[in-house]
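>>> Okay, sequence plus prediction incoming.
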Amino acid sequence: MRFNFKDIEVCVYVGSKKKHTVLSMKVGPPVATDEKVLTRASREREFEVPSPEIFPADLYTELIASQALEVEDELARAFFDRDKVARDEMLRRAAQKHALFTSALDFAAGVLGLRLHHILVDTPIDEQCFAYRKKGDPYAFTATVHYTVADSYEWDISDGGITATRKRLPPLQPDWTWERAAEVLAWLLRAWAAKDSVLEFVSLFTPLECVIPGVPKKELKGWEKNRQAMLALAKEHAKVEDRSYLSRPAKRTRAPGSPNARPLFKTETARRNAAFPPKP
C-alpha cells in the first residue's frame, strides 16, 4: 500500500516478516553524575531496546517514508565510497526532514487504524532513519532511543531536616476533606507517572482547575505573576499560529468533575493540546 505526499512517499507493509532490520540493544543501568553518589551501586538493571514485551512480534506493520535527496557530486561520491564524514552529513540532512516524515507516517498510520484496525498501529516498536545508496541498498541508519534523566534530590534526615520536613506538610483547609484532597492529589500522581506530554499536561491542569477557585485573593497575585511568566515562555517557543490561543484569557469554571464544566473544559483542553503538541 502506498501514500504519496508530493515528494514524500510512504509504503506500508503488513506481515510476519520485516523489510528492515530492527536495531536491538541492551542499555546498562544509569550512572550517577553526582560525585557524592558515584560509589553507590544503583538497584536498576539493564534493559533491552525494544522491550521484549513488544519485540519480536507475530505480526508487523512497517511504514517507510522516503524522499530522494539531491546533494553535491563531491558529497555523493564520498557517500558512495563509505566515507564516515559524508555518511554523517547525509544523515544530518535527512534528519532535517524529520518533521515532514513524521507527519506523513502519522497520516498513513491513522488511516490504517481508522479504516482497517487500530491493532495494526497501536504499539510502536522503533523509529529508524536509513540512508540509501545506488539501487536502494541500505548503507547506514540511526535509531531513536528514549530515556529519562532525573535531577538528583538530597533529603536532610537529621533532626533539623525532619523538623523542616514536617513544617512543609500543610494541614487541610476548613472546607476540604481528605477524600476530596485525595482526588486532586491522584491527578498529580498520574501526571508524574505519565510518559506522554499531553497526558502529563492535562493531568497537571485538572488539579489546578480544582484548587484555583479556593485560593485566597491575597495569594492570587503570586499566581498571576507566575501565570504571566509561563505565558511569556510559552509564546517565545510557540508557533506563530498558536500564539493567539495563548493570548486569550482563560475563564474561571467549575471543577472539571461537574457536569456544567465538562464541555468548556474539553474545549480549553483541545486548544491547549493544539498549542502544546506531543513530542515525536
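On my side now, so go ahead.

>>> what ranges do the strands span in the protein?
Counting by DSSP state E, the chain has these strands, from start to end: 2-5, 8-15, 25-27, 47-49, 60-66, 128-133, 137-143.

>>> Give me the contact list for the fifth one.
Meaning strand 60-66. For strand 60-66, the surrounding residues in contact (CB atoms under 8 Å, 6 or more residues apart in numbering) are 8-20, 101, 104-105, 108-109, 112, 120-121, 125, 132. Heads up, the C-betas are built off the backbone N, CA and C, glycines and all.

>>> Let's see that with 6 Å instead.
Outside of strand 60-66, the residues that reach it under the criterion CB atoms under 6 Å, 6 or more residues apart in numbering are 8-14, 18-19, 101, 104-105, 108, 120-121.

>>> same deal with the third one?
Outside strand 25-27, the residues that touch it by CB under 6 Å, 6+ apart are 46-49.

>>> could you flag which of those residues are buried?
The neighbour-count test (16 or more other CB atoms under 10 Å) applied to the contacts of strand 25-27 identifies residue 49 as buried.

>>> What are the buried residues along the helix ranked longest in the chain?
Secondary structure of the chain per DSSP state H: the longest helix is helix 217-237. Residues of helix 217-237 classed as buried: residue 234 (neighbour count, 16+ other CB under 10 Å).

>>> counting contacts, what elements does that helix pack onto?
Helix 217-237 makes packing contacts with helix 243-247 when contacts are defined by 3 or more CB pairs under 6 Å, 6 or more residues apart in numbering; DSSP states H and E.

>>> can you give me the helices in the chain?
73-80, 84-95, 98-115, 159-167, 178-193, 197-211, 217-237, 243-247, 262-275.

>>> got TSV for those, with mean pLDDT and distance to residue 142 too?
Converted to TSV, the helices of the chain look like this (pLDDT from 0 to 100; distance: least, CB to CB, whole Å):
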stretch	mean pLDDT	distance to residue 142
helix 73-80	91	15
helix 84-95	90	6
helix 98-115	93	11
helix 159-167	88	45
helix 178-193	89	29
helix 197-211	85	23
helix 217-237	74	25
helix 243-247	60	33
helix 262-275	53	29
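
>>> out of the ones you listed, which comes closest to residue 58?
Between residue 58 and the helices of the chain, the tightest spacing by CB to CB is seen for helix 98-115, at 17.3 Å.

>>> quick one: buried residues of the closest one?
By neighbour count with 16+ other CB under 10 Å, helix 98-115 contains the buried residues 101, 104-105, 108-109, 112.

>>> and the two most separated of these?
Using CB to CB, the buried residues of helix 98-115 span at most 16.5 Å, a distance reached by 101 and 112.

>>> related to what we said a few turns ago, tell me the one among the buried residues of helix 98-115 nearest to residue 172.
When the buried residues of helix 98-115 are compared for distance to residue 172, the smallest value, 46.8 Å, is given by residue 109; criterion: CB to CB.

>>> Not counting sequence-adjacent ones, nearest residue to that closest one?
Distances taken as CB to CB, 6 or more residues apart in numbering put residue 121 closest to residue 109, at 4.3 Å, once the chain neighbours are dropped.

>>> now do residue 67
With sequence-adjacent residues excluded and distances taken as CB to CB, 6+ apart, residue 67 is closest to residue 8, at 5.0 Å.

>>> Count the neighbours of the one you found for me.
Summarising burial for residue 8: neighbours were counted as other CB atoms under 10 Å, giving 17.
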